[in-house]
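Participant: Okay, here's the prediction I keep looking at, along with the sequence it came from:
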Amino acid sequence: MTTDHIRVPLVVPGTRPELADVEAKILSERGRISLLYQVLLNSKPIAQGWEAMLTAVRNRTSVDPAIRELVILRVAVLNQAAFEFDAHVPHAEKAGLSQEKNDGVRAADVPQVYTDLERLVLELTDRMTRDVTVPAELMQQIQSHFGVTETVELVATVAAYNMVSRFLVALNVSH
């Protein structure tokens, strides 16, 4: 695998002693230091903050893992972040999303394979990602179903993965 196309140098794990604590945290949460984190390690405070935020979003919220992964896949598609999409397909499968649903997020118009709740969440994802502004009626529907805490967590998930995908695309992080 060549990484010449990535717009900043990769930090090879174990080569910068001042990053040992951050690398240890990443390894404990992720099990490896991925290409994304090798880019992030160019800035210790960003790598630390990123790890804390994304660990909270992925592993500490009450959002159903299937909903979370559906959102992540859709954001990746909308932002043309193939690296992120590919990274999350296994997580989506583990969370119980079918191949049909994983593929469905690629469609411009959401196909009928999704439940009403999944369609609602995908609409939120599309609005937040494409338009930024979320209509009040849609947000009321989200809050009616999810309640306050889970609404905050769901919105944070969409927002966080917009950050991830835009970071990846801007720095040309891909396989």
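Facilitator: Structure received. Because the structure is a prediction, the values reported are computed rather than measured. Numbers count the residues shown, from 1 in each chain.
Participant: Excluding chain neighbours, give the residue nearest to residue 19 in space.
Facilitator: residue 41 (5.6 Å; CB to CB, 6 or more residues apart in numbering). For glycine as for every other residue, the C-beta is placed from the backbone atoms N, C-alpha and C.
Participant: Report the contact partners of the one you found.
Facilitator: Contacts of residue 41 were listed using CB atoms under 8 Å, 6 or more residues apart in numbering, and they are 11, 13, 16, 19, 22, 23, 33, 47.
Participant: the strands in the protein, which residues?
Facilitator: Taking DSSP state E, the chain contains no strands at all.
Participant: Burial check on the closest residue to residue 58 other than its chain neighbours, number of neighbours?
Facilitator: Spatial nearest neighbour of residue 58, excluding adjacent residues (CB to CB, 6+ apart): residue 68 at 7.0 Å. Using other CB atoms under 10 Å, residue 68 has 24 other residues around it.
Participant: gap between residue 68 and residue 124?
Facilitator: Residue 68 is 13 Å from residue 124, where distance means CB to CB, to the nearest Å.
Participant: Please apply the same query to residue 88.
Facilitator: 18 Å.
Participant: Check residue 157 too.
Facilitator: 10 Å.
Participant: Next: residue 14.
Facilitator: Distance from residue 14 to residue 124, counting by CB to CB: 41 Å.
Participant: Equivalent analysis for residue 44, please.
Facilitator: 34 Å.
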